[in-house]
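K.L.:
below are the sequence and a predicted model; questions follow.
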Amino acid sequence: MKQIAWLTFALIALIVALPLAAQETPMTEDELIALVRSDLQKDKVAIIGAAMDFNAEEAGKFWPIYKEYETALAKVGDARLALIKDYAENFVSMTDDKATDLAHEAMKIEQQRFDLKKKCFEKLSAGVSPVTAARFLQVENQINLLLDLQIAQEIPLIEKP
């Protein structure tokens with residue numbers, strides 16, 4: 001359990017340190033995003049592996065399903081990143097119509113993420129076990145909550161008209 005706490009702390013430290021690294025390192029936005037994703041993916045795999053404590057047979061069944069899930073989740077992440085960029089471009093001149101469009105897109109992205117977790121749960125339940133699938137969802141949700149909180153802290157609220 002201490003290993004999971006340490007890995008969670010490492011993930012949080014990485015998230016907090018990234019804005020500082022971005023200021024000091026001359027990288028393009030795409031390069032920085034690729035670097036962040038790579039580092040986060042490595043940390044997520046380490047946290048999940050430690051939390052799940054698989055035997056060899058379970059690991060052989062779990063990781064291919066997880067990889068498929070993460071590949072699909074990256075596409076949802078791309079949509080979320082595009083939404084954040086769209087929000088930033090329209091922040092100063094926000095209209096009711098644009099706010100409505102952004103809100104609908106945000107809900108669509110959340111639904112896609114939910115649908116992916118549900119599909120992953122079903123595959124893991126059939127491939128490994130429902131208990132293992134539920135445990136994975138717990139870990140995945142904890143990681144996502146930490147990431148979502150960090151992102152939310154960086155995005156200012158829409159100002160009142």
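P.N.:
Yes, it's here. What you see is a predicted model; the values in this text were computed from it and never measured.
K.L.:
just the pLDDT for the residue nearest the centre of the chain.
P.N.:
Taking CA atoms, centre = their mean, the centroid of the chain lies closest to residue 144, which sits 5.1 Å from it. At residue 144, the model reports a pLDDT of 92.
K.L.:
the one 4 residues further on now?
P.N.:
At residue 148 the predicted local distance difference test score is 91.
K.L.:
what about it, distance to residue 110?
P.N.:
Counting by CB to CB, to the nearest Å, the gap from residue 148 to residue 110 is 10 Å. Bear in mind the C-beta positions are built from the backbone N, C-alpha and C, glycine included.
K.L.:
go on, residue 100?
P.N.:
16 Å.
K.L.:
is residue 140 in contact with residue 118, as I believe?
P.N.:
No: under the criterion of CB atoms under 8 Å, residue 140 is not in contact with residue 118, lying 11.8 Å apart.
K.L.:
okay, these two: which has more neighbours?
P.N.:
It is residue 140, of residue 140 and residue 118, that has more neighbours when counted by other CB atoms under 10 Å, with 21 against 11.
K.L.:
show me what contacts the more buried one?
P.N.:
48, 117 (CB atoms under 8 Å, 6 or more residues apart in numbering).
K.L.:
so which elements touch the longest helix belonging to the chain?
P.N.:
Longest helix in the chain, counting residues (DSSP state H): helix 56-90. Applying 3 or more CB pairs under 8 Å, 6 or more residues apart in numbering; DSSP states H and E, we find helix 56-90 packed against helix 29-52, helix 96-127, helix 130-154.
K.L.:
count the residues that sit near residue 134.
P.N.:
When neighbours are defined as other CB under 10 Å, residue 134 has 12 of them.
K.L.:
residue 117 is in contact with that one, correct?
P.N.:
No: with contact defined as CB under 8 Å, residue 134 does not reach residue 117; the gap is 11.2 Å.
K.L.:
report how many residues lie close to residue 157.
P.N.:
Using other CB under 10 Å, residue 157 has 7 neighbouring residues.
K.L.:
what's the pLDDT at it?
P.N.:
For residue 157, the model assigns a pLDDT of 93.
K.L.:
next, it: secondary structure please.
P.N.:
Under DSSP: H, G, I helix; E, B strand; the rest coil, residue 157 falls in the coil class.
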